[in-house]
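Novice: build me a structure from this.
(chains A and B)
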Amino acid sequence: MVSRTTQRRLGHARRVIRACLRLGILFAPILCGGCGDGTTGSGAAEGVPASAPRPDLEGLEPRVRALLVQAADRVDADPRNAAAWGALGNACFPHDFFAEAIIAYDAAHRLEPTRFEWVYMLGVSLDYSGIDPERIADTLQAAIALRPDDPYARIQQGDALIRLGRLEDALEAYATARRLLPGDAHTLRRIATVSLQLGRVEDAKAAAEQGIALVPSASEFRTVLGQALLRLGQTAQGNAELDLAESLPKDTIPRRDPVVDRVMAGGRSSTLMYRSGVALVNQRRFAEAVPLFLICEEVHPHSARVHTYLGICALALNQPAEARRRLQRAIEIHAEEHEALLGLARLEASEGRADAALALADRAASVRPEDPRAWAVRGLALGMLRRPAEAVIAFERAAERGDVEAPDHLNWARALLELEMVPDAGRRLEQAIRRDPGYIPARLLMAELMRALRRPDQARIHLLHVLRLDPSNAIARERLAALDG
Amino acid sequence: MPARRDRILGRDPRLQPAPALTLAVTSVAAMLIGAGCDRAPATPAPRTDARSVDARTAEFRPGDLPVSPSWFIDVTAQSGVDFAVNPGARGDLHMPEVMAGGVAAFDSDGDGLMDLYFVDGNDALPAGVLAGPRTNRLFRQQPSGTFVDATAGSGLGCNGYGMGVALGDFDNDGHLDVFVSNFGPDRLFRNRGDGTFEDVSERMKMPQGGWSTSAAFLDFTRSGWLDLYICRYVELVAGKKCTRTRGAPDYCGPKEHPPASDILLRNEEGRTFTDISEIAGIATVRAAGLGVVCADFDDDGWIDIYVANDAYPNNLWRNRGDGTARDIAMRGGSALNVFGHAEAGMGVVAEDLDHSGTIDLFITHLMNETNTLYLNDGRANFTDATSAVGLGASSMAWTGFGVAALDATLDGRLDLFIANGRVYRDSPVPGTTMPEPWLRYAEPNLYYRGLADGRFELLRDEVRELTLPVEVSRGAVAADLDGDGDLDLVVTSLEAPARLFRNDAPRSGRWLAVRAVDPALRRDAIGASILVHAGARRWRRTLSSACSYLSAQPPVAHFGLGSVEQVDRIEVWWPDGRREDFGPFLPDRSVVLERGSGHPQVATGATR
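Specialist: The predicted model follows:
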């Protein structure tokens, strides 16, 4: 007879052991290496599962589902084939099946330990799953051993080492990466911040100054420089840098994405192209995204989404004809392609066709009424049509549905000004500037508003800010001269 | 103060496991590890995989299972506290459901015993209204150490969709009043001093809508009256549906609704509050505020406000001393983590975690982010030292909410407790007994011991009772519930019992509990900095109730002192910037420092 207390203790023990096995969900085939079912026996590829993990396919579009099933079937047909495991990893990873990708890449690496791609992608998958920095660092170290001149693996390894509190090692990894990739702002930023953390203030200062030379508008380098100067006792200069940093746009240095790095460094895995392209668009690196989507188009010529992204890139790159062609094609393929409707609406608005923009914005809003951008474009079109009251309502709806961008606040302010609602317009312009302190049109309009309200000091502040951002801005110069005159 | 070990919350030696039991557990553990394998592996399992398991859970190897009893004992069942947060979830995935769960520990009726107040949801979502039965509950401690539900007749029942609670004597009558933040109209309850409370929300002009979360009383304006800072989360867009991985419906994240700006209310001499958010500059920022703490971070004598924002850069509102504040988090390094990323700030504590004499910050975060420790250089310049002190990797698997800094063993070093629970669905963690849907959100809690070298060590077996309930935990507060001189823990969870954990950790030192009272104001000196000196050692705390996530602690500074024989002096920096010294004191007692009864000192600027 076991006492209640003992039962409780045993319950605890079982819970702990179950918790121990929690990661077993992730690494089950590895943990059970040598067990009777589901795994191979001994040899060089110890721990390789006998069958492929099967991701949960519920809710996936048929094309992706078929791709995953096909890749898993290929593994099941030949579980000793490293390429099949690697292909399964490549199929799982872009669709967020990180646990399955880890198993697949791990198997591929065990079967073919000299191939960089498998161990590196294992590291990347672990990095995306983000829960075991020590294993990430070790795996990336194995990848680096195979390809010592690869800067991206070193940058990722540095990040994992920071998570482990190994700042000296991280700094070394970044320093090597910097030698291999001299113009990389991201690496320089890491060197600056980690140096500061380690109390190497002069090193941090030097790295921040190099960063400013590389990306003058990056608030991140100014912040580190300011903090370094403060620690060096140069209070006035430090505070000046920090003040300047506060006025500059944030998040200007693109974050590292290992998949993008890999593809940009010459990786040709077609399954990663789309994901890389999307990541680049999110980082506003449109020119770099285009060739990736073009490769996707070769494989999937009738994908509305690929055409949409190409259209968005063309819009951003100021190629209106190409943007129009791409976005129209996307809508032809899929009438409810929301992003294409939005993109084309913006294009029509930018070319002065407000009626067409309004119609497209209405379609976009009916497809996805919760998207604030659809309402903001509607507001823009209505403003162009000199229907400011309706425009203001559209912008209000946009704001009710989520964050609106600085240009939307600006257009909202313009509509309000037409309605002579000056204080409200001022608040909108404040919001535009708060959203994007470097948004010159909002600063210029704010300066104009302040001048009209007979607050020249305020107007001057905004104009001087514009000139700091763009020293050659003629409008700002002219208006400043007028103010001073 | 003598320990009251005979009470329910007191120590119970019968709960200590016998060696035979240890052996049994070890054997079963070994047995379970082997289960499922019909032959031994040809080679040892890969090193990395074994380490992966070790990284997050206890190691169980035959023969080396520790014999020590758990530092914290779950005494919920014996305590009489019977409360579970009702998030009012009916499958519609309204965002407040997954965020609720505040708790406060304080002496509500002046009998010298610590009572507990739990904040609850209601069934009116998506409307943020006062509706249905009054569900917040007050549990009053009896001399026997058990608790009884004293909500009825107390006036503290509240039928809003409750989020958090803040404590502060807003009318300077010597009794702690209670602010309840709601999704919907907030409530302020005035403590009449006889164990009953009066709802003065309308008269005191509490916010009448929106989504309030953590809140803090502080004398921001140095008027002698406590102002109120209220974090505001997001402006919920009605009917918005969100999806997570591969299109599955789930709770929305903070970026899927417009962020709200926080509110600062100025106390008009106890008569009413005035919203000074615009004037003070607070309203210039819109971020999803969840946690708030108040302390003089830059040692200029003025109390500052730190806000942990969910997915937005954090704010450190430096009090300029003229009724306005400036956000210096970005320039001072406490807005973003070491990678320059804004994290999902939830709970926060402000304590001297590296024992350098300055107030540091520890913030809990979402899964795949670390919880983050920002160390202060004394001028409100912070360094993200999370990983350097061992708090990084081990926290990345979990979503932290409630947090408490306490010295469980009284060794003079602060430990950290973190209450975990997800906000998005995921595979169930083994060991959870939660029903659907919460089993997909449940996680175990964490406890880190502070080490002599400034690092922290994740404890497992020593705190097994504390960390093994796999639930969706939210609020957490540390308080000396049983009056034995060490801090116990209270944790709330969604649709699971609020748990009381009695601190039975082996003591390796002495303690001191300090209240600081200003007789002129007839209340605790909220915001005062308390520095305890013993020989060459020094400890610092800020007197404040605001802590953790949605929670409030009693305004008592608790110090574990290690092996000191005597406290040489206690240095108090009153909220108006003046300094006074008290002492000496013998340890192992509670002391009340009354302003004017010590030795006034000439303040010489930022000398702390």
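Novice: for the rest of this, base every contact and every neighbour count on C-alpha atoms.
Specialist: Noted.
Novice: check contacts around A:A447.
Specialist: Neighbouring residues of A:A447 by Cα atoms under 8 Å, 6 or more residues apart in numbering or on different chains: A:458-463.
Novice: ok, of the residues you listed, which come out buried?
Specialist: Using 16 or more other Cα atoms under 10 Å in any protein chain shown as the burial test, the contacts of A:A447 include A:458-460, A:462-463 as buried.
Novice: just the residues you listed: which are in helices?
Specialist: Using DSSP state H, the subset of those located in helices is A:458-460, A:462-463.
Novice: which sections of chain A are below the confidence cut-off?
Specialist: Within chain A, the segments meeting pLDDT under 70 span A:1-45, A:58-63, A:130-131, A:251-252, A:254-272, A:299-300.
Novice: now do chain B
Specialist: Residue ranges of chain B with pLDDT under 70: B:1-68, B:245-247, B:601-608.
Novice: hmm, A:C313 is touching A:A287, no?
Specialist: Yes: using Cα atoms under 8 Å, A:C313 is in contact with A:A287, at 7.0 Å.
Novice: so for those two, which residue has more residues nearby?
Specialist: Ranked by neighbour count (other Cα atoms under 10 Å in any protein chain shown), A:C313 and A:A287 place A:C313 first, with 24 against 16.
Novice: next, the more buried one: phi, psi?
Specialist: Phi and psi for A:C313, reported as degrees, to the nearest 10, are phi -60, psi -40.
Novice: which ones are touching it?
Specialist: By Cα under 8 Å, 6+ apart, A:C313 lies in contact with A:281, A:286-287, A:289-290, A:323.
Novice: and stretch B:416-432, does that touch chain A?
Specialist: Yes: using Cα under 8 Å from any Cα of the partner chain, we find that stretch B:416-432 touches chain A at B:429-431.
Novice: do you know how far the nearest residue to A:G352 once chain neighbours are set aside is from chain B?
Specialist: In space, and not counting its chain neighbours, A:G352 is closest to A:M384: 7.9 Å by Cα to Cα, 6 or more residues apart in numbering or on different chains. From A:M384 across to chain B, the span is 26 Å (Cα to the nearest Cα, to the nearest Å).
Novice: ok, B:D524 to B:D480 distance?
Specialist: Going from B:D524 to B:D480 by Cα to Cα, to the nearest Å gives 18 Å.
Novice: err, B:R474, not the other one
Specialist: Counting by Cα to Cα, the gap from B:R474 to B:D480 is 20 Å.
Novice: those two: who's more crowded?
Specialist: Set side by side, B:R474 and B:D480 show more neighbours around B:R474, with 33 against 23, by other Cα under 10 Å.
Novice: list the contacts of the strand or helix carrying B:H533.
Specialist: Using DSSP states H and E, B:H533 sits in strand B:529-534. Strand B:529-534 has contacts (Cα under 8 Å, 6+ apart) with B:295-296, B:538-543, B:557, B:564, B:566-575.
Novice: so which of those reach chain A?
Specialist: Within those, nothing lies near chain A by Cα under 8 Å from any Cα.
Novice: so which of those residues are in helices?
Specialist: Among the contacts of strand B:529-534, none falls in helices (DSSP H).
Novice: so how far is the strand holding B:H533 off the chain centroid?
Specialist: 22 Å (Cα atoms, centre = their mean, to the nearest Å).
Novice: tell me which other helices or strands the host helix or strand of A:R110 touches.
Specialist: If you go by DSSP H and E, A:R110 is part of helix A:98-111. Here helix A:98-111 touches helix A:22-31, helix A:82-92, helix A:116-129, going by 3 or more Cα pairs under 8 Å, 6 or more residues apart in numbering or on different chains; DSSP states H and E.
Novice: quick one: list the elements packing against the helix or strand that the first one is followed by.
Specialist: Reading on from helix A:22-31 to the C-terminus, the next helix or strand found by DSSP H and E is helix A:62-77. Counting by 3+ Cα pairs under 8 Å, 6+ apart, the packing neighbours recorded for helix A:62-77 are helix A:82-92.
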